[in-house]
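> how does the following fold in three dimensions:
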Amino acid sequence: PTTKKWYDLVHSKLFISFDMAKERVIGQAVLTLKPYFYTTNQLILDAKNFDINKISAVKSGIDLKYTYDNKQLSITLERPYRRNEEFSILIDYIAKPSEGEIGGSEAITSDKGLYFIDSKDTDPLKPTQIWTQGETESNSRWFPTIDKPNERCTFDMFVTVDNKYKCLS
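I've put the predicted structure just below:
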């Protein structure tokens, strides 16, 4: 995994819904970024255990080439961007936080990032719910991002759920 800060993640906008039976997040992420210093056309994002449907440049609509190792997404942008030059990309994806390799620490025993509780509504003693716990680097289990504790950005999230559920943030 990369440790250098090549890009500043300026804004994240998520459009998400859920497949409760499979415990998956169906999402589109629009990420606005800018290079910190050096001109580059390569972007690396954290995205653990996703199915990637499409990645495109928002302004031009051009599909972007990428490679993916199930942990990091390496994207070739449509052109080089200079220091402080903002751009936005769209990633259409399915996240599978309940699948794949799961770790954790003594303080936070799982790094799933997003948790489905009684997703099949079979336990009368548990409410059916979804909740998130993204610190320190677990948000990349349910949306593509630069998943580092020192990365800050503004955020919009649009969540679609069945009418029987309430959503809060």
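> chain center to the one helix or strand V30 maps to: distance?
Assigned by DSSP states H and E, V30 falls within strand 24-35. Strand 24-35 has its C-alpha centroid displaced from the chain centroid by 6 Å (C-alpha atoms, centre = their mean, to the nearest Å).
> residues near K112, how many?
K112 sits with 24 neighbouring residues when counted by other C-beta atoms under 10 Å. The C-beta positions use only the backbone N, C-alpha and C, and glycine is treated the same way.
> next up, the contacts around the spatially closest residue to it that is not a sequence neighbour.
Distances taken as C-beta to C-beta, 6 or more residues apart in numbering place P97 nearest to K112, at 4.5 Å, with adjacent residues excluded. Taking C-beta atoms under 8 Å, 6 or more residues apart in numbering, we find P97 in contact with E23, R24, V25, N49, K112, G113, L114, Y115, R141, W142.
> now the residues you listed: which count as buried?
E23, R24, V25, N49, K112, G113, L114, Y115, R141, W142 (16 or more other C-beta atoms under 10 Å).
> in strands only, show me those.
Among the buried ones among the contacts of P97, the ones falling in strands (DSSP state E) are R24, V25, L114, Y115.
> could you measure from the closest residue in space to the third one that isn't next to it in sequence over to S98?
Yep, that's L114 we're talking about. In space, L114 comes closest to W142 once its chain neighbours are excluded; the distance is 3.9 Å by C-beta to C-beta, 6+ apart. Using C-beta to C-beta, to the nearest Å, W142 is found at 10 Å from S98.
> now T132
Distance, T132 to S98, using C-beta to C-beta: 13 Å.
> just I16 next, same as before
Taken as C-beta to C-beta, the span from I16 to S98 is 15 Å.
> so what's I75 bridging to?
L43, Y66 (DSSP bridges).
> how near is it to L43?
For I75, the distance to L43 - C-beta to C-beta - is 4 Å.
> still on that earlier bit, helices or strands next to the strand holding V30 in the packing?
If you count contacts as 3 or more C-beta pairs under 8 Å, 6 or more residues apart in numbering; DSSP states H and E, strand 24-35 packs onto strand 7-19, strand 87-95.
> sheet-wise, list the partners of the longest one with their directions.
According to DSSP bridges, the neighbouring strands of strand 7-19, each with its direction, are strand 24-35 (antiparallel), strand 154-159 (parallel).
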